[in-house]
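Engineer: sharing a model that was predicted from the sequence below.
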Amino acid sequence: MLRELSILILSGIISSATLYGVDYDGEKSTLIEAPYSMCVIPPQINEAKAQGINVVNTKKAKALYDQNAIFFDAREKRHYSKEHVKGAYPVYFDESKAQYIALQLPADKKQPLVFYCYGESCANSYEAALSVRKLGYQNVNWLLNGYTKWKMAGYPISTERKNSK
């Protein structure tokens, strides 16, 4: 019974995942991309606050948006390209440094910055906010609820890509 249940669950995961075949100099590899559900290590709100990062909900993020805060999208590039908070810049993951990089940072380190990704279970925006906080930016905000809640609230979104510097 347990074996059949395990096989059923595994087949469901595989059928909802996308398979990619990669050829590395004759050595074949397959990548399974499962639908996003949550990060391996969800971020901790108390840790963010201890690091000087403001944890904000969707309503507070919209108030910051209305006050011309700069938004940064830490989701995957393909999701940013499809749609994002209007005016948001993408955040890049630098694999060589194993950290998130926000390229369009303002000179004024007191400028309100808002980082978001998929939601409460996603650590991408927290990691990006933390890296910017370590650069000395003082008004760093982490939108805990993420892009989906922003969109569901009917707040401004865009499909236009921001130019990188």
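Structural biologist: Noted; the coordinates are in hand.

Engineer: skipping adjacent residues, who's closest to residue 156 in space?
Structural biologist: residue 86 (3.8 Å; Cβ to Cβ, 6 or more residues apart in numbering). From N, CA and C alone the C-beta is placed, and that goes for glycine too.

Engineer: these two touch, right, the one you found and residue 150?
Structural biologist: No - under the criterion of Cβ atoms under 8 Å, residue 86 makes no contact with residue 150, lying 9.9 Å away.

Engineer: so what's in contact with these two at the same time?
Structural biologist: residue 157 (Cβ atoms under 8 Å, 6 or more residues apart in numbering).

Engineer: settle it for me: which of the two has more neighbours?
Structural biologist: residue 150 (25 against 15; other Cβ atoms under 10 Å).

Engineer: what residues of stretch 87-94 count as buried?
Structural biologist: By 16 or more other Cβ atoms under 10 Å, the buried positions in stretch 87-94 come out as 88, 89, 90, 91.

Engineer: poorly predicted segments of this protein, please.
Structural biologist: The chain contains residues with pLDDT under 70 at 1-43, 93-102, 161-165.

Engineer: can you pull out the strands in it?
Structural biologist: Secondary structure of the chain (DSSP state E): strands located at 18-24, 27-33, 54-56, 70-73, 84-85, 89-90, 92-94, 99-101, 113-116, 140-143, 157-158.

Engineer: any idea how far the closest residue in space to residue 133 that isn't next to it in sequence is from residue 159?
Structural biologist: Take residue 133 and drop its neighbours on the chain: the residue closest to it by Cβ to Cβ, 6+ apart is residue 140, 4.7 Å away. Using Cβ to Cβ, to the nearest Å, one gets 27 Å for the distance from residue 140 to residue 159.

Engineer: these two: which is more packed in?
Structural biologist: residue 140 (25 against 9).
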